[in-house]
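[1] Can you look at this prediction? I've put the sequence above it.
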Amino acid sequence: MNNIAVIGCGFWGPNLIRTFSRIEGVHITVCDVNINRLNELKLAYPAVTVTQNFNDILLNNEINAVALATPASTHFEMAKSALEKNKHVFVEKPLSILSSQAEQLIKIAREKKKILMVGHTFEYNPAVVKLKEYIDSGELGNIYYAYSSRLNLGQIREDINAMWNLAPHDFSILIYLLGGKPSRVSAIGKAFIQNGIEDTVFITAEFGDILAHVHVSWLYPSKVRQLTIVGDRKMVIYDDLDNEAKLKIYDKGISKISNEETYGEYFLKLRTGDIYIPKIDLSEPLKLEVNHFVNCIRHGTESKTNGENGLRVVKTLEAAQRSLKNNGIFVDIV
């Protein structure tokens, strides 16, 4: 039996509770300071145990893992406390708000021989996994650039800006697809609604020769979750909101054709071919992610989205935050 505590029952916590509750052999304890939320969850899930006190979780030796769905500013201290009490830890993105904090968590998890996993859900998304297969196979050719948009109206946060709220997903996807964190990053944004908390941010990142642009915002008339990858052979649009065609592969591009009549010169030819929509497994990414966490605990295996995975994203966002506060200057990521 795995006894897992879910901490935080706000926006995302109930999704974790729902998903964990469907795994055989898992008992859930729920912790939140809001007693009304706990009572509602107890009605929906009578088998769960509830508490308002995080210390109850830490001191309960029967609870062997915690899943944090709390504000980002609390992730480090709560994850650190849980690891030090010999509990496996799942942390919703971002792992922390400072790379030094993430490094400490990785060190403690290693010393305690515990699983430290970050909730980079899209790395478990079958469409993203399929897209990586296309990139790695060379079918798209050499990648020129990527453009990601994560936009909607609302879910405005008061503790972190839109970049820290939304862009962890985009950069976890890009780092996963492109095989490493960017070398440098630039970010500009504005705080239109709340002073000092940017609700719209434009980020440019360089992955070697590959250029990536990420646009995140809480101020947009519709919900957008889209990524475009442009290669020299083919191009792909990944639309997470399109259940009929999450991936569209375009056999389009511009080719350099040698001009046989003029030695050493060439001309450009526009190539337009078919659009292919592959069949994608519609398994829920969160279900795959949560099951992966439980299996890592049961078998003592390393998580796909481990602490180092989370650290790469935090380092990227940390550099972007410095750029954001310095008029968009490029900041190197070490």
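    Perfect, thanks for sending it.
[2] C-alpha only now, for contacts and for neighbours.
    Noted.
[3] Now do stretch 94-108: everything it contacts.
    72-73, 75-76, 79-80, 83-84, 116, 118-119, 164-165, 168, 307-308, 310-311, 313-315, 318 (C-alpha atoms under 8 Å, 6 or more residues apart in numbering).
[4] Give the buried residues for it.
    Buried residues in stretch 94-108, defined by neighbour count with 16 or more other C-alpha atoms under 10 Å: 94-99, 101-103, 105-106, 108.
[5] out of those residues, who's nearest residue 240?
    Within the buried residues of stretch 94-108, the smallest distance to residue 240 is 20.2 Å, found for residue 94 (C-alpha to C-alpha).
[6] circling back to that earlier point, among the contacts of stretch 94-108, which ones are buried?
    With burial judged by 16+ other C-alpha under 10 Å, the buried subset of the contacts of stretch 94-108 is 72, 75-76, 79-80, 83-84, 116, 118-119, 164-165, 168, 307-308, 310-311, 313-315, 318.
[7] What about the residues you listed, which are in strands?
    Among these, the residues falling in strands (DSSP state E) are 116, 118-119.
[8] Tell me the one of the residues you listed nearest residue 8?
    residue 119 (14.2 Å).
[9] residue contacts, the residue lying closest to that closest one once chain neighbours are set aside?
    Nearest in space to residue 119, with sequence neighbours left out and distances taken as C-alpha to C-alpha, 6 or more residues apart in numbering, is residue 92 at 4.4 Å. Contacts here follow C-alpha under 8 Å, 6+ apart; on that basis residue 92 touches 67-70, 118-120.
[10] redo that, cut-off 10 Å
    12-13, 16, 67-72, 75, 117-121, 310 (C-alpha atoms under 10 Å, 6 or more residues apart in numbering).
[11] before we move on, back to that, would you reformat the buried residues of stretch 94-108 as JSON lines and include distance to residue 30?
    Converted to JSON lines, these look like this (distance: C-alpha to C-alpha, whole Å):
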{"residue": "94", "distance to residue 30": "21"}
{"residue": "95", "distance to residue 30": "20"}
{"residue": "96", "distance to residue 30": "22"}
{"residue": "97", "distance to residue 30": "24"}
{"residue": "98", "distance to residue 30": "27"}
{"residue": "99", "distance to residue 30": "28"}
{"residue": "101", "distance to residue 30": "25"}
{"residue": "102", "distance to residue 30": "25"}
{"residue": "103", "distance to residue 30": "27"}
{"residue": "105", "distance to residue 30": "23"}
{"residue": "106", "distance to residue 30": "25"}
{"residue": "108", "distance to residue 30": "24"}
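[12] Residue 255: which of these is nearest?
    Taking C-alpha to C-alpha as the measure, residue 255 sits nearest to residue 94 out of the buried residues of stretch 94-108, at 40.5 Å.
[13] Helix, strand, or coil at that closest one?
    With DSSP: H, G, I helix; E, B strand; the rest coil as the basis, residue 94 sits in coil.
[14] Residue 253 versus that one, what's the distance?
    Per C-alpha to C-alpha, to the nearest Å, residue 94 is found 36 Å from residue 253.
[15] can you check residue 271 too?
    Distance check for residue 271 against residue 253: by C-alpha to C-alpha, it reads 5 Å.
[16] Neighbour count for the two, which is higher?
    More crowded of residue 271 and residue 253, by other C-alpha atoms under 10 Å: residue 253, with 16 against 12.
[17] what helix or strand is the more buried one on?
    Assigned by DSSP states H and E, residue 253 belongs to strand 247-258.
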